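# pasting the sequence and the predicted coordinates here, then a few questions.
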Amino acid sequence: MAFRSIATSDRSPARLTRIIRTRAELRDALDDVARPVGLIPTMGWLHEGHRALIRQARAADATTVVSIFVNPRQFNVAKDYTKYPRNEARDLEICQSEGVDLVFAPEAAEVYPPGSDTTVSVGAVAQPLEGAARPGHFDGVATVVAILFGLVGAEHAYFGQKDAQQVMVIRQMARDLAIPTQVIACPTVREPDGLALSSRNVHLSPGERAAASILRQALLAARASWEAGERSAEALRDAIRETLMAEPLADVEYVSVADSRTLRELERVDGPALLSLAVRFGTTRLIDNEPLGAGPVTT
Ligand code: PAF
């Protein structure tokens, strides 16, 4: 199935986006494409953040592949999987308009064929924060991304820094499994009020959406304190918590100031660190982070 590009592309002639459903079709399609290949793994419901990843890939790679697959194995709560927003037709239009070459949108049985029985489980970096809050989540992420890396064989793969721990887990997985795909972390794309773009934002009520801008304010309050010379990690955590407490709709799950190389909680911030948080607004759980100093998640 092929779509004609509907928006102006910086490359001419306008490219066709090809939709691929099976491993076999994907193998054939990738046989004779121009290299390097850039992969953007997604779960669909594409937004400006995904567009930015696609644009970065298109600037660096001769062929761009977007995967769209809501991965059941990374949801530790079944309801989160069923309520994950989906709109494939709209996603395909976005891919067309961005000049994506191939969209791989498989059914679950194509990703996990009958008999598949391997789980990729990353060690220490996958344990704290999201790993602790969502048991099994990173096993699901690492497993599906390892499969996608194996199927696509891309030179580059692009992920958003909003999911900083995910980037670290995937890098560790690729390094340990000798997968040569280079993992590239791209800056978080934000709404004008600072809220990080996320497919989950669609679930926020208008009141929750307005309240959610507190996340960025809280992280920036801690950054300002660090820039003013504060090096106590607990004081930085307090700066985040105190800002969040001003918002009654914010139900804080965790606030972290960790070493950005290991994600171990710090007492003092004397090197690269990652401020991060998870907060619920009603039934919607949002995460965000802010790196302090150059570190693995910013490169
Ligand atoms: O970040 C996501 O959308 C997902 O975790 C990913 C990397 C596509 C794996 O399913």
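Arrived safely, thanks for sending.
# wait, residue 169 touches residue 138, no?
Yes. Contact criterion CB atoms under 8 Å: residue 169 and residue 138 qualify, at 5.0 Å. Yep, even glycine has a C-beta here, placed from its N, CA and C like the rest.
# run through the residues that contact residue 85.
Residues counted as contacts of residue 85 (CB atoms under 8 Å, 6 or more residues apart in numbering) are 44, 45, 199, 202, 203.
# quick one: it is in a helix?
No. The assignment for residue 85 is coil, going by DSSP: H, G, I helix; E, B strand; the rest coil, so no helix is present there.
# next one: it from residue 204, what distance?
Per CB to CB, to the nearest Å, residue 85 is found 12 Å from residue 204.
# likewise for residue 263?
27 Å.
# quick check, the residue in the stretch 51-200 of the chain closest to the ligand?
Here the stretch 51-200 of the chain gets closest to the ligand at one residue, residue 71, 4.0 Å apart by CB to the nearest ligand atom.
# and that residue, what is it in contact with?
43, 111, 140, 141, 144.
# of these, which is the most crowded?
Tallying neighbours with other CB atoms under 10 Å puts residue 141 at the head of the contacts of residue 71, with 26 neighbours.
# for it, which non-adjacent residue is closest in space?
Of all residues beyond its chain neighbours, the one nearest residue 141 is residue 74 (4.9 Å), with distances taken as CB to CB, 6 or more residues apart in numbering.
# counting neighbours, what do you get for that neighbour?
Residue 74 - counted by other CB under 10 Å - has 21 other residues nearby.
# residue 137 is in contact with that one, correct?
Yes. Judged on CB under 8 Å, residue 74 makes contact with residue 137 at a distance of 5.3 Å.
# what do residue 169 and residue 138 both touch?
If you check residue 169 and residue 138 against CB under 8 Å, 6+ apart, the residues they both contact are 122, 126, 131.
# so the first one sits right up against residue 173, yeah?
Right, the one you point to is residue 122. Yes. The criterion here is CB under 8 Å, and residue 122 meets it with residue 173 at 5.3 Å.
# mutual contacts of the two, please.
The contact lists of residue 122 and residue 173 share residue 142, where a contact means CB under 8 Å, 6+ apart.
# pretty sure residue 190 contacts residue 215?
No. If you go by CB under 8 Å, residue 190 and residue 215 don't touch, sitting 10.2 Å apart.
# who has more neighbours, the two?
Counted by other CB under 10 Å, residue 190 and residue 215 do not tie: residue 215 has more neighbours, with 26 against 16.
# endpoint to endpoint, stretch 204-220 covers what distance?
22 Å (CA to CA, to the nearest Å).
# may I see the buried residues of that stretch?
Using 16 or more other CB atoms under 10 Å as the test for burial, stretch 204-220 gives 204, 208, 209, 211, 212, 213, 214, 215, 216, 218, 219, 220.
# any regions of the protein where pLDDT drops low?
Within the chain, the stretches with pLDDT under 70 are 1-14, 296-299.
# ok, and what's touching stretch 199-216?
Taking CB under 8 Å, 6+ apart as the rule, stretch 199-216 contacts 43-45, 47, 83-85, 190-191, 193-196, 243-244, 246-250, 277, 279, 281-286, 288.
# near the ligand, from those residues?
With the criterion set as CB under 6 Å from any ligand atom, the members of the contacts of stretch 199-216 near the ligand are residue 43.
# list only buried entries from the contacts of stretch 199-216.
Judged by 16+ other CB under 10 Å, buried ones among the contacts of stretch 199-216: 43-45, 47, 84, 190, 194-196, 243-244, 247, 249-250, 277, 279, 281, 284-286, 288.
# ok so, going back, which of the shared contacts of residue 169 and residue 138 fall in helices?
Counting by DSSP state H, the shared contacts of residue 169 and residue 138 place residue 131 in helices.
# give me the element residue 39 is part of.
strand 37-42 (DSSP states H and E).
# the helix or strand following that strand - contacts with which helices or strands?
Heading C-terminal from strand 37-42, the first helix or strand you meet, by DSSP H and E, is helix 48-60. Counting contacts by 3 or more CB pairs under 8 Å, 6 or more residues apart in numbering; DSSP states H and E, helix 48-60 packs against strand 37-42, strand 63-68, helix 88-97, strand 156-160, strand 182-186.
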